[in-house]
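Q: based on what follows, work out the 3D shape:
(one chain, ligands or ions: 1)
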Amino acid sequence: MGLWARAPHRAPGSGWREPNMSRLGGISPAPQSLFPRNFPLRAFASEGISPRIATDADLPALVAIEQACCNWNAAQVAEELLRPTAIVLVAELDSQVAGWLVAWRVPPDELQILQVAVAPACRRRGVARALLTAMVREHSGGVAVVLLEVRASNEGAIKLYEDIGFVSVGRRRRFYSDGEDAILMNLNLECCAAPL
Ligand SMILES: CC(C)(COP(=O)(O)OP(=O)(O)OC[C@H]1O[C@@H](n2cnc3c(N)ncnc32)[C@H](O)[C@@H]1OP(=O)(O)O)[C@@H](O)C(=O)NCCC(=O)NCCS
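A: Okay, the predicted model is just below:
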């Protein structure tokens, strides 16, 4: 999706690559002292969707989601769960883990969404929307802009991000390993009335 996540796209299934930290200019720890592991984020009770901080116990469910729809392997999922600077949310639907989201705080004031994925059987029920809104509502303190990259052909995801308030701001040519372009999208939290 973005930053290091382009590596799996460039070489699907070819294994792990360490993120290029120099591109980020250093990473600040996520403000997890405010949101300890297992802290229940804003409940979307009316929709039966419960976003929360991921724990190690979520690993098998997240690997299953990735095997069903994306190309992150178990090591990559585990790495994000362990990475102190990553913010990893899961959303439960009917008490089952239905989707997940990974983001990094990028100094000084950016939040980069690296992955959003929902189990195929749980789609179009608001899981991804709940994850994104929880991330922005609960983890955007000090953030001026939220960034992400999405395949140009991924019309569903682009529609999702536009619904949230993201706008397309650029295109990265041949960003993915198969030559597909990425659309660069931003959610500006400084200049706009809160969209969420
Ligand atoms: C893209 C993805 C995360 C969406 O998850 P989801 O939980 O089904 O999305 P939501 O139910 O929250 O959708 C919210 C809105 O986004 C839009 N949307 C989501 N998926 C869509 C699709 N396939 N086609 C068109 N619009 C779509 C719709 O406007 C939708 O609202 P609606 O259902 O009321 O019409 C999911 O399809 C997925 O995991 N895809 C594979 C991985 C992927 O492509 N991730 C994005 C990488 S950048």
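
Q: now do the same contact list for the nearest residue to residue 122 once chain neighbours are set aside.
A: In space, and not counting its chain neighbours, residue 122 is closest to residue 98: 3.8 Å by CB to CB, 6 or more residues apart in numbering. C-beta here means a position set from N, CA and C on the backbone, and glycine is covered the same way. With contact set as CB atoms under 8 Å, 6 or more residues apart in numbering, residue 98 has these partners: 49, 65, 91-92, 118-119, 122, 125, 127.

Q: next, residue 98: phi, psi?
A: phi -110, psi -20 (degrees, to the nearest 10).

Q: now name the helix or strand holding whatever residue of the chain ends up closest to the ligand.
A: When you check the chain against the ligand by CB to the nearest ligand atom, the closest residue turns out to be residue 156, at 2.5 Å. For residue 156, the element it lies in under DSSP states H and E is helix 155-164.

Q: and that helix, what does it pack onto?
A: When contacts are defined as 3 or more CB pairs under 8 Å, 6 or more residues apart in numbering; DSSP states H and E, helix 155-164 packs onto helix 127-139, strand 145-151, strand 182-188.

Q: quick one: those as a markdown table, columns for distance to the ligand and mean neighbour count too.
A: Listed next are the helices and strands packed on helix 155-164 as a markdown table, based on distance: least, CB to the nearest ligand atom, whole Å; neighbours: other CB atoms under 10 Å:
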| stretch | distance to the ligand | mean neighbour count |
| --- | --- | --- |
| helix 127-139 | 3 | 23 |
| strand 145-151 | 4 | 22 |
| strand 182-188 | 9 | 20 |
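
Q: I'm done for today, thanks for sticking with me.
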